[in-house]
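S.K.: Pasting the sequence and the predicted model now:
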Amino acid sequence: MPETLPAGVAEAIPPRLRRRSRGLFAGLGGAWVIGLSVLVSLLALLPIAFVIGVSFETGWARLVPLIFRPRVGELLINTLLLVVITIPLCVVLGVALAWLTERTDMPGRRWWSLLATAPLAVPAFVHSYAWVSLVPPIHGLFAAVLVSVIAYFPFLYLPIAASLRRIDPTIEDVAESLGLKPWAVFFRVVLPQLRLAICGGALLVGLHLLAEYGLYAMIRFDTFTTAIFDQFKSTFNGPAAHMLAGVLALCCLAMLTAESAARGNARYARVGSGSPREQRTVRLSAGPTVLALMLQILTCALALGVPLITLGKWLIAGGMQVWQLSELLPALEQTVLLGIGGAILTTLAAIPIAWLSIRSPGRLQRVLESCNYITSSLPGIVVALALVTITIHFARPIYQTTITVLLAYLLMFLPRALVSLRAGIAQAPIELENMARSLGRSPALALWLITLRLAAPGVAAGAALVFLAITNELTATLLLAPNGTRTLATGFWALTSEIDYAAAAPYALLMIILSLPLTGILYHQSKRTAGR
Amino acid sequence: MNALELHSICKSYGTQTALENISLSVPAGSRTVIVGPSGSGKTTLLRMIAGFEFPDSGRLLLNGQTLVDSTHEVPAHQRLIGYVPQDGALFPHMTVAANIGFGLSTRGHEKQERIAELMDSVALDASMASRWPHELSGGQQQRVALARALSQQPRLMLLDEPFSALDTGLRAAMRKLVARLLADAGVTTILVTHDQSEALSFADQLAVMRQGRLVQSGHPLDLYRYPEDEQTALFLGDAVVMPARIEAGWAHCDLGRIPVNNHRNNQCAQIMLRPEQLHLVSIQTSPAEALGCRAVVTERDFSGNTCTLTVELQSHDCAQQPGRSLMVRSSGLYAPPMGSAVHVSMIGHAHVLSEA
């Protein structure tokens, strides 16, 4: 088999891998898997290559005035304030809600836990649409923080609740036996163990804050993303937009670095064997119960009540007229087609990397994986700008075609597919495939009968997550979609830009309905992967 | 006749040598146990026989057919070798019956009958057939894995620490069941384990591995009594090892003059005794100067039916210097108390270890 390896790849494969490949993809061998992973990862590096490339092309002399000007400073301050205020609020709210639903006996805590996840089903720009139409004068930093917290706190709630569920309760028992008061147990023992969950969730929220366009455009709060978008609309693909994109990309990388520094080398695995004991629940007396319920009700009212009431109001006000089926149905169809296409493409592209990371973990695979993570942390607008520039210069035939849109989805959403795929492939350890072979099944048949069957749910979940991310995607679709393409998100955006809030309502409703399964999957996944 | 033959098998992962020149013959119908500490390469060797791994060099023959040599390799699915891994590795998406029937090529009624027969042979209740793997206990999972491996009437059965996940009582029962079942079926078996007592009880032939090398192989009793070196001696059980001067079948050591098994006239060598070869007698009852020497009990470790004692020998020449400490097994109920003076005598002969 080593003879068939393309030159160059052969050196990259440790002998161990070459040997092992014998059993895996039947005659195909591991070389193909590695080759494909490398290809996908190189593709993922395109946006970063673009940022670096245009910086060089622009040159230092023109770059300095473009970057060091008051406008950039203003945007930087806006973005920084947004991040610095929103993330701590999200953390506090996430920890409070998670603790209440996981560790107390407050009434209906299972329901509250579902309701705390549900705001994710509402796209962020629909949240701000709801607030703008409820309180029209709302704008600026205060509005931005309010809507951001409401739209994004579930990203912190989910991992924190999952961690609270799996922390070894005996550690708390021990802390208490060492004389710690309950509040001290929480702050000195429980909270430190939530660090990984808080770091991960805060990173996710932060990246969303940097990347979101629709939310902030609607409440007239300028961030880098909205500024790039405006710049792109006025001067198309000029160096000003590129340099803003460069600064934004740097912000994202800074955030990734900060998160990995905050996370440190900490690993909070459960030491010892045996199944973990039941978590202890705190019994709340009447007063705290009322307070807890008030917090939950307030959160729900703001995060779910406002969008649903506003939508209902517009739907009733609009009556049957707003259901322009001749426009709604094609938008739905476009959305679903793009979603399915993107989901299939992204899942297929993720398979080789996921396969490597489970079956032959090593340095090469870690490098490949981090390529993809870095790109997906870049805002959609940077990815879109990169693809616009690159296709215009190097691949004119696919400029303004569906292919470019799908490519953008691939770059942005690959890690979502990767996480589920990895879990799926991990369900089928190599040992089971070996068993099937020792029972007389050929390698290809063993792969089909055992591994693919077992990995199928993970593959399906990954594809579903990508599909649902695509249905709510606005920024990159606005920039890249060919003329005449109208998805639910872009249709909604066009109508709200014309202040036709009533006509936009059905689009929002359809998006929420399409997104509900996403919430279900995320909720389920956070429960299942709680052990990781 | 030998069923399986390994000829100078070598395997390394990068710079790490996993197997070094392993040669072993497994007689047809026998139970061979490969025993060694974890990381000694025993599982790698087993997986190589199954066809999941391939050696860098060496030959592997089964019933005269070449499985692996420098020119060709028979893939796992054509080897007809049964394999039961440590955790059973049942297919989680199949019922017990589907798991057992996975390797059967027959269909319909005939297949159902064969599955029922196999379940019966591993003492699984017929009502278990529709259960899922996660609904079974550890012992039941292992029995399903065994039935599945037996289904295609393998030419050789490989067991990779199949009992290590079970608790102590169940482990012995499973070991007996498996031994009887495989003997009835006449299947040549290779078992891999790191548990020396399991190895000694299960094996017709025992092979000790250490750091990728096959150190010694043979009948379990022979290996227990006549290990080649101190490490093997200690791996297979507790041992008393001390230096001695060998002369004409006798060893002169701290215990006095004791017989040895091999008549080499090394001036100096290490000799080995099993603790159960040493006996303690109270000084009062045998005042006569018999074979052996005086000692004092310094430590008692009572564990029910046996009591492990540490005794300190009283040195012949110099009373000031503390003598050598020995481990001695005694019956739990009648062990002499701490601090009592005893007389150490010996049964059988000591074994002279080869130069390390």
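M.R.: Right, received. Where do you want to start?
S.K.: Show me what counts as buried in the helix or strand that contains residue A:35.
M.R.: Element membership for residue A:35, per DSSP states H and E: helix A:30-44. By neighbour count on 16 or more other CB atoms under 10 Å in any protein chain shown, the buried set for helix A:30-44 is A:30-38, A:40-41, A:43-44. No exception for glycine: its C-beta is placed from N, CA and C like everyone else's.
S.K.: Tell me the helix or strand right after that helix.
M.R.: Following helix A:30-44 toward the C-terminus (DSSP H and E): helix A:46-67.
S.K.: Low-confidence stretches in the stretch 351-500 of chain A?
M.R.: The stretch 351-500 of chain A contains no residues with pLDDT under 70.
S.K.: List the residues that contact the residue of it found nearest chain B.
M.R.: In the stretch 351-500 of chain A, the residue that lies nearest chain B is residue A:439 (3.3 Å; CB to the nearest CB). Neighbouring residues of residue A:439 by CB atoms under 8 Å, 6 or more residues apart in numbering or on different chains: B:77, B:102, B:103, B:148, B:149, B:151, B:152.
S.K.: Residue A:429 too?
M.R.: Contacts of residue A:429 (CB under 8 Å, 6+ apart): residue B:89.
S.K.: From residue A:480, how far out is it?
M.R.: 40 Å (CB to CB, to the nearest Å).
S.K.: Same check on residue B:268?
M.R.: From residue B:268 to residue A:480 the distance is 85 Å (CB to CB).
S.K.: Kindly report the same for residue B:311.
M.R.: 86 Å.
S.K.: What is the burial count for the spatially closest residue to residue A:464 that is not a sequence neighbour?
M.R.: Among residues not flanking residue A:464 along the chain, residue A:521 sits closest, at 5.9 Å (CB to CB, 6 or more residues apart in numbering or on different chains). By other CB atoms under 10 Å in any protein chain shown, the residues close to residue A:521 number 17.
S.K.: Kindly report the same for the one 5 residues further on.
M.R.: Residue neighbour count, defined by other CB under 10 Å, stands at 21 for residue A:526.
S.K.: Confirm it sits in a helix?
M.R.: Yes - remark: residue A:526 belongs to a helix, assigned using DSSP: H, G, I helix; E, B strand; the rest coil.
S.K.: who's in contact with the residue in the stretch 101-250 of chain B that chain A sits nearest to?
M.R.: Closest approach between the stretch 101-250 of chain B and chain A, counting by CB to the nearest CB: residue B:103, at 3.3 Å. Contact analysis of residue B:103 by CB under 8 Å, 6+ apart lists A:439, A:440, A:441, B:148, B:149, B:151, B:152.
S.K.: 7 Å - rerun?
M.R.: Residues in contact with residue B:103 (CB atoms under 7 Å, 6 or more residues apart in numbering or on different chains) are A:439, A:440, B:148, B:151, B:152.
S.K.: do residue A:197 as well
M.R.: A:159, A:160, A:162, A:163.
S.K.: Looking at the residue nearest to the second one when sequence neighbours are not counted now. What's its pLDDT?
M.R.: The one in question is residue A:160. Leaving aside its sequence neighbours, residue A:160 sits nearest to residue A:98 (CB to CB, 6+ apart; 4.1 Å). You'll see residue A:98 listed with a pLDDT of 92.
S.K.: Confirm for me that residue A:98 is in contact with residue A:163.
M.R.: No - the pair residue A:98 / residue A:163 is not scored as a contact, 8.2 Å apart, by CB atoms under 7 Å.
S.K.: mind listing what's buried in the worst-scoring helix or strand of chain B on mean pLDDT?
M.R.: Taking mean pLDDT, DSSP states H and E as the measure, chain B has strand B:278-282 as its least confident helix or strand, at a mean of 82. Within strand B:278-282, the residues that qualify as buried by neighbour count (16+ other CB under 10 Å) are B:278, B:280.
S.K.: what's near enough to touch residue A:214?
M.R.: For residue A:214, the contact set (CB under 7 Å, 6+ apart) comprises A:124, A:125, A:474, A:493.
S.K.: Would you mind measuring from it to chain B?
M.R.: Distance of residue A:214 to chain B, given as CB to the nearest CB, to the nearest Å: 42 Å.
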